[in-house]
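A.B. asks: No sequence on hand, only this structure:
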């Protein structure tokens, strides 16, 4: 474990001991803010698309918390997204959307674009590692997204497989179990320190990816390093360099 | 529904109304008999590799039945394969294998080769349809197999996702649910009439693929058409032709 010093203490190109790279998806692989803003703007050009995207995403953790706490039974993210959408339509002057428009908008999460470095970076990483998703997004959402954006996953893993949302340990340990490897041979790649901290507590290696524009160019986020992570990279291209691909 | 007449009643190249193609794997996509025989022969050249492969596979349905009946709790195929292997080692003079050799041999199911038409056929089919596995094999097995054999799945679905072995309706209907489509927009592709019959009972479309050498060249199987199937094809190349790819 070299911490932030990953890029210092480890020689560039030194391979990592992980065999499986598991990727967080929303924010890490795809630009949810840009995609949601683009789709709502296409429906209603005068809506505050930036604030709409932030509001929809802000409902995400509280909605999952209702499932984690048992208040809601097991619910797919598609359905949680719809619950949140229905709660915010009024606020953004979108109450007049037809059911077909709402249903289409709800699946905007299936049509998010990857960050520019993603496809080339994943393709390099795939040459040496098993690469899979580990997202709270449902399997169908992740498969539709991958097909549209040509994300070359070896395997799509989701909270839906484990019936446990991150940061439940069952999700991180589930990846190790699926591939029959010890937890420290799984490396979680994410743009969120809380996700990485939970993975680390389960014994996984962790890589933080800076995605400063995750919340939109107007809302830059803190992407400073945390020495607890095994690796800290700017993007998937740098990750591939660091991991010897 | 055109039955065997698929190739007659439907114009070649006419697209199918399915959006998702779900593939059985053992026997349909990969040659388990040839792969298992090859691996055991590499370990012990004098073993009757043909009979060994048949005996191992013959334990498969009874082992799953123990899970279906509740006699065994939910068990991954890797573990069922190991239970069966341990039961037949003696009979084939393999009781002296080391634990490392047994463990390696057990994962021979991860290293099976596809039939020669598979990779090119799947690549064509992927251009028009969502292509996924629907196998009783566990996710890790299917992902390792796909990576080694370069099978271009959009998504790996398994009994493990649904915690129900085929022919449990939960497995076939699970595919439709994952992709949020009605059952008749899923087409199951398999070399086994019983698998296809169970899928049809759930409302799926079905395609039978002839794999006459599934049990080895010395044991040709009956691959005659059943008019109840939507399609009947020789291989994945013909399937791609029929499905308009």
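C.D. replies: Arrived safely, thanks for sending. Being a predicted model, the structure only gives us computed values, none of them experimental. Residues are numbered from 1 along each chain as shown, chains lettered A, B, ... in the order given.
A.B. asks: tell me how far stretch A:198-208 is from the chain's mean position?
C.D. replies: 15 Å (CA atoms, centre = their mean, to the nearest Å).
A.B. asks: Show residues contacting it.
C.D. replies: A:1, A:6, A:16-18, A:22, A:166-167, A:169, A:172-173, A:175-176, A:182-184, A:186-191, A:193, A:196, A:223, A:225-226, A:228-233, A:239, A:242 (CB atoms under 8 Å, 6 or more residues apart in numbering or on different chains). (Glycine included, C-beta is placed from N, CA and C.)
A.B. asks: Now, those residues that are in strands?
C.D. replies: A:22, A:186, A:187, A:188, A:189, A:190, A:231, A:232, A:233 (DSSP state E).
A.B. asks: Quick one: residues in contact with stretch A:112-130.
C.D. replies: Residues contacting stretch A:112-130 (CB under 8 Å, 6+ apart): A:15, A:18-21, A:26, A:29-32, A:34-36, A:131, A:145, A:149-155, A:179, A:211, A:235-237, A:239-240, A:243-245, B:143-144, B:147.
A.B. asks: List only buried entries from the residues you listed.
C.D. replies: Neighbour counting over the contacts of stretch A:112-130 (16 or more other CB atoms under 10 Å in any protein chain shown) leaves A:18, A:20-21, A:26, A:29-32, A:34-36, A:131, A:145, A:149, A:151, A:153-155, A:179, A:211, A:235-237, A:239-240, A:243-245, B:143-144, B:147 as the buried ones.
A.B. asks: At which residues are the helices of chain A located?
C.D. replies: A:6-9, A:32-43, A:49-58, A:60-68, A:77-88, A:99-106, A:118-126, A:139-149, A:159-162, A:169-179, A:193-201, A:236-242 (DSSP state H).
A.B. asks: Kindly report the residues of chain A close to chain B.
C.D. replies: A:78, A:130, A:132, A:138-140, A:142-144, A:146-147, A:154-157, A:160-161, A:178-180 (CB under 8 Å from any CB of the partner chain).
A.B. asks: In TSV, list the ones in strands among the contacts of stretch A:198-208 along with distance to residue A:86.
C.D. replies: Listed next are the ones in strands among the contacts of stretch A:198-208 as TSV, based on distance: CB to CB, whole Å:
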residue	distance to residue A:86
A:22	32
A:186	36
A:187	37
A:188	32
A:189	33
A:190	29
A:231	40
A:232	39
A:233	38
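A.B. asks: out of these, who's nearest residue A:44?
C.D. replies: Nearest to residue A:44 among the ones in strands among the contacts of stretch A:198-208: residue A:190, at 32.2 Å, using CB to CB.
A.B. asks: which residues does that closest one bridge with?
C.D. replies: Beta-bridge partners for residue A:190, by DSSP bridges, are residue A:208.
A.B. asks: And chain A, split by domain according to the record?
C.D. replies: Domain segmentation of chain A under automatic domain parsing yields A:3-31+A:112-242, A:32-110.
A.B. asks: Deepest-packed of those domains, please.
C.D. replies: Among the domains of chain A, ranked by average contacts under mean count of other CB atoms under 10 Å in any protein chain shown, first place goes to domain A:3-31+A:112-242 (a mean of 20).
A.B. asks: now it: how far from the chain's centre is it?
C.D. replies: 8 Å.
A.B. asks: pLDDT of it, averaged?
C.D. replies: For domain A:3-31+A:112-242, mean pLDDT rounds to 93.
A.B. asks: Contacts for stretch A:209-228, please.
C.D. replies: A:3-5, A:27-28, A:31-34, A:37, A:50, A:53-54, A:115, A:189-191, A:193, A:196-197, A:200, A:206, A:208, A:232-236, A:239.
A.B. asks: now do the same end-to-end measure for that stretch.
C.D. replies: One end of stretch A:209-228 to the other measures 14 Å (CA to CA, to the nearest Å).
A.B. asks: One more: stretch A:140-159?
C.D. replies: Using CA to CA, the distance between the terminal residues of stretch A:140-159 is 12 Å.
A.B. asks: ditto for stretch A:25-38
C.D. replies: Terminal residues of stretch A:25-38 are spaced 19 Å apart (CA to CA).
A.B. asks: Likewise for stretch A:146-158?
C.D. replies: 13 Å.
A.B. asks: Check stretch A:188-196 too.
C.D. replies: Stretch A:188-196 end-to-end distance (CA to CA) = 7 Å.
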